[in-house]
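# Got a predicted structure here, sequence first:
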Amino acid sequence: MNQLIEELEKMTTVSEHDIFELIKKHIPENKDITFELHSEALAFSFTENLSEEKHSWNTYFKPMIIWQNEDGSITESPSIHQIDKKILDYWEKRSNETENPLLKARYTGLIWDFTKNVTGDKPEFNIGKTYIESLIAAVEGRFYHYEIELITKIKRAINIACSLNQTVLIKKAKELTLELEDEFSANDKINLWGFSFDYLINNKRVDLSDEETQKIIDKLNARFEKLTSNDFLNPWDAEYAAKRLCNYYKKNHQPEKIRIFLLQLGKAFSQKEANSSAIQIASWLRHLHKIYSNYGLREEADKIIVKLQELGPKINDELSLTKTPLNIPKDKMDGFVNLMTKGSKEEILNNIIQRFIPSKAEIKDHMFEMAKKAPLNYKLPITLQDHKGRIITTIGSIEDDIDGRLIMEFSENLTFDAIFLRHVFYKIVNEKLISTNDILDFIEKSPVIMESRFPLIERGLNAYFDDDLMVAIHLLIPQIEEAMRNLVEISGGVIFKPTRDNVGFQLKTFHEILGDKIVEAAFNEDIKIYMKVLFTDQRGWNIRNDVCHGICDINSFSYQSIERIIHVLLILGLLRKN
C-alpha cells in the first residue's frame with residue numbers, strides 16, 4: 001500500500017482510468033485483498049455521469065458497467081451497495097493526507113455524492129468546499145490528461161460552487177473556464193469549444209461582465225463564420241455555434257440576427273448538396289426544416305418542404321429492392337388452412353378472429369430478442385417513405401423511440417401473418433364456405449353497427465367476393481370508423497371536439513377515437529394497437545388515412561389490406577351491449 005500510494009501521489013497529466021489500471025496491477029490474483037486496497041480500487045472504478053441521464057442512484061457518479069441478467073434483474077459494477085460508512089471514512093482520511101489535487105477531488109467528490117445514500121446524513125459543508133477547491137487546483141495544474149476532462153471537471157466545480165453559493169470559488173472557476181476556452185479555441189473538435197457559453201452565459205449565479213459576455217459571443221461568431229466559409233465548410237459543426245447564438249439573441253429580443261444566422265446555416269448546407277445523394281440531402285433538409293420551425297422562420301420552412309417534395313422521385317431512384325424468400329411447406333400450409341376452416345360457419349369466423357389478432361406482449365418479446373441478435377438494426381433510425389419517395393416519418397432507435405419501434409414491429413407482423421390470412425380467405429371464397437350474408441348475419445347483433453349501414457357493408461362485401469378490391473376497401477373503412485364512433489357514443493363517451501375557430505364542434509378523428517379509454521375497455525390493448533397500426537398510424541399500415549386522403553396508388557388496393565379490414569369488421573361483430 002505504501003508503494004501504491006507513493007506512485008499515486010506522483011501521478012499528473014493522467015486520466016482517472018489510468019489510476020484505476022495502476023491500482024489493478026497491485027491487486028494479487030486469487031488472493032483476498034486488504035480493506036485499504038479494496039477502497040482505493042473502488043474509488044477509481046466509478047464513472048462520472050457526463051450525459052446527465054437519469055440513474056436509479058440519483059447521483060453524479062454511477063457504475064462503469066450495467067447489464068441485464070437472464071431473469072430480468074440488473075447487475076451494476078461497481079455498485080453503491082459496496083460502500084459503507086467505513087469506506088467513506090477511509091476516503092476522508094485519504095483526502096486529508098494527499099497533496100495531489102486530482103486524488104483529493106476524487107475522494108471528496110465521492111464522499112459528497114454518496115454520503116446521503118449510504119448513511120442518510122448530509123455530507124459536511126467543508127467536504128463540498130474542498131471538493132471544489134481540489135477540482136480547480138487539478139484543472140489549473142493540468143493534472144488531467146485529456147482536454148475534455150479539464151472541461152468536465154471545471155463544469156462540476158462551477159455547479160457545486162453555485163449550489164454552495166461560494167462567490168470566491170465561482171469567480172475562480174469562471175476565470176479558469178474563460179482561460180480554457182482561449183486555450184482550446186484553435187481546436188476544431190465540437191466538445192472543445194463553446195463550453196464557456198454553456199456554463200456561464202445563462203448561469204445567474206455567475207457574475208459575468210459585459211466585456212466577458214461579449215468576448216464569449218464574439219468567439220462563437222468567429223467560429224460560425226469560419227465553419228460556414230468555403231475554406232472550412234462544415235455546416236454540422238456550425239450548427240452548434242448557430243444554436244447557441246440564436247438562443248442568446250432570442251433572449252435579447254433580436255429576431256433579425258437569428259434570421260441572418262439561420263439563413264447562412266441553410267446556405268452552408270446547400271453548398272454541400274452538389275456531390276451528395278438525394279437521400280443525404282433530404283436528411284439535411286428535414287433537419288434544417290426543424291431548426292427553421294423552432295425559431296419561427298415559417299416561410300423558409302415551407303420552402304424546404306417544397307424542396308423535399310421535389311426530391312421524392314430522386315430518392316426512389318436511389319433505393320434498391322431487397323427480397324427475402326420465405327419457404328412454407330405446402331402440407332403445413334394446407335394443414336393450417338384446413339384447421340382454420342373446420343366446423344360451422346360461425347366457428348370458422350371465430351377461428352379467423354382469434355388467430356389473427358396480434359399479441360402486443362409476443363411482438364414486444366420478439367422485438368427485444370431480435371435486438372439482441374442484430375443490435376445494429378435496432379440502433380439506427382429508420383425513415384419511412386410513400387410510393388412517391390416522400391418522407392412520411394422517422395422512427396428512432398429502440399432506446400430513443402420504443403413506441404415507434406413497437407408500431408413498426410406490429411406492422412411487420414401483420415405483413416407476415418397476411419400470407420396465412422390470404423390462404424384461409426382463398427379457401428373460404430373458392431369453396432364458398434362463407435358468403436356475404438354469413439358475415440352480415442355474424443355482425444348484425446353488434447350494437448355499434450347500425451342497421452342503416454348494412455346496405456353499404458353488403459355492397460362492400462359483395463365487391464370483395466367479386467374481386468373488386470378498390471370498391472370494397474373504399475366502402476368498408478368508413479363503416480368501421482362509424483362503428484367505432486358509435487361504440488364511444490353509446491358508452492357515454494365524447495365523440496365531438498371544438499372547431500379550430502371555436503365557434504362550433506366537429507367529430508373527433510378516427511385516431512382520436514381509437515385513443516379513447518372506452519375502446520380499450522371494450523376490447524383490450526392488443527386490439528386497440530392493432531386498429532391504430534392498421535388504420536391511422538403513419539408508422540404502420542395507415543390504410544384509412546392513405547385511402548381517404550387519396551395517397552394510395554393502384555397497388556395499395558390489395559387482398560392483404562381488404563382481408564385485414566374484414567377481420568376488424570368481424571371483431572366488431574362480437575360486441576354486445578351490457
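The structure has been received and is ready for your questions. Numbering: from 1, shown residues only.
# tell me which element the closest residue to M450 other than its chain neighbours falls in.
Leaving aside its sequence neighbours, M450 sits nearest to N486 (Cβ to Cβ, 6 or more residues apart in numbering; 6.6 Å). (C-beta placed from N, C-alpha, C; glycine too.) If you go by DSSP states H and E, N486 is part of helix 469-490.
# Could you list the buried residues of that helix?
Neighbour counts using 16 or more other Cβ atoms under 10 Å place 469, 471-488 of helix 469-490 among the buried residues.
# in the stretch 51-200 of the chain, which spans are helices?
Remark: helices assigned in the stretch 51-200 of the chain by DSSP state H, counting those that start in this stretch are 85-97, 101-119, 125-140, 147-163, 167-184, 195-196.
# Let's have those in a markdown table, adding mean pLDDT.
Formatted as a markdown table, the helices of the stretch 51-200 of the chain follow (pLDDT from 0 to 100):
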| stretch | mean pLDDT |
| --- | --- |
| helix 85-97 | 97 |
| helix 101-119 | 96 |
| helix 125-140 | 97 |
| helix 147-163 | 96 |
| helix 167-184 | 96 |
| helix 195-196 | 94 |
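# Out of those, which is closest to E9?
helix 101-119 (7.4 Å; Cβ to Cβ).
# mind checking pLDDT for the residue nearest to M450?
On pLDDT, N486 comes in at 97.
# measure it to E512 for me?
15 Å (Cβ to Cβ, to the nearest Å).
# before we move on, back to that, dump the helix holding N486 to CSV, keeping only the CA atoms.
What follows is helix 469-490 as a C-alpha-only set of coordinates in CSV (Å, rounded to 0.1, in the frame of the first residue of the first chain):
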residue,chain,number,x,y,z
LEU,A,469,-61.0,-4.7,-54.0
MET,A,470,-60.9,-1.0,-54.7
VAL,A,471,-64.6,-0.6,-54.2
ALA,A,472,-64.6,-2.9,-51.2
ILE,A,473,-61.9,-1.0,-49.4
HIS,A,474,-63.4,2.4,-50.1
LEU,A,475,-66.8,1.3,-48.8
LEU,A,476,-65.9,-0.8,-45.7
ILE,A,477,-63.3,1.5,-44.0
PRO,A,478,-65.8,4.4,-43.3
GLN,A,479,-68.3,1.8,-41.9
ILE,A,480,-65.7,0.6,-39.4
GLU,A,481,-64.8,4.2,-38.4
GLU,A,482,-68.5,5.0,-37.9
ALA,A,483,-68.9,1.8,-35.8
MET,A,484,-66.1,2.9,-33.5
ARG,A,485,-67.7,6.3,-33.0
ASN,A,486,-70.9,4.6,-32.1
LEU,A,487,-69.1,2.4,-29.6
VAL,A,488,-67.7,5.5,-27.8
GLU,A,489,-71.0,7.4,-28.0
ILE,A,490,-73.4,4.7,-26.7
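# I'd like the next helix or strand past that helix.
Once helix 469-490 ends, the next helix or strand along the chain (criterion: DSSP H and E) is strand 496-498.
# which is the next helix or strand following that next one?
Where DSSP H and E defines the elements, the next helix or strand beyond strand 496-498 is strand 505-507.
# Can you pull out the residues in contact with that next one?
Contacts of strand 505-507 with the rest of the structure, by Cβ atoms under 8 Å, 6 or more residues apart in numbering, involve R485, I495, F496, K497, P498, T499.
# ok, of these, which come out buried?
Among those, those classed as buried by 16+ other Cβ under 10 Å are R485, I495.
# how distant is the helix or strand hosting D334 from the center of its chain?
Element membership of D334, judged by DSSP H and E, is helix 330-340. Chain-centre distance of helix 330-340: 41 Å, with Cα atoms, centre = their mean, to the nearest Å.
# tell me the angle the next helix or strand after it makes with helix 330-340.
Following helix 330-340 in sequence order, the next helix or strand is helix 345-355 (DSSP H and E). Calculated by axes from the mean of the first three to the mean of the last three Cα atoms, to 10 degrees, helix 345-355 forms an angle of 120 degrees with helix 330-340.
# Show me what the next helix or strand along the chain from helix 345-355 is packed up against.
Later in the chain than helix 345-355, the nearest helix or strand by DSSP H and E is helix 360-373. Helices and strands touching helix 360-373, by 3 or more Cβ pairs under 8 Å, 6 or more residues apart in numbering; DSSP states H and E, are helix 375-379, helix 402-430, helix 525-531.
# Which stretch among those helices is buried most, on average?
helix 525-531 (a mean of 20; mean count of other Cβ atoms under 10 Å).
# what does the domain assignment say about the protein?
Domain assignment for the chain, taken from automatic domain parsing, gives 209-320, 330-572.
# For E21, which phi and psi angles does the backbone take?
Note on E21: its backbone torsions stand at phi -60, psi -40 [degrees, to the nearest 10].
# what's the neighbour count on it?
When neighbours are defined as other Cβ atoms under 10 Å, E21 has 12 of them.
# Okay then, goodbye and thanks.
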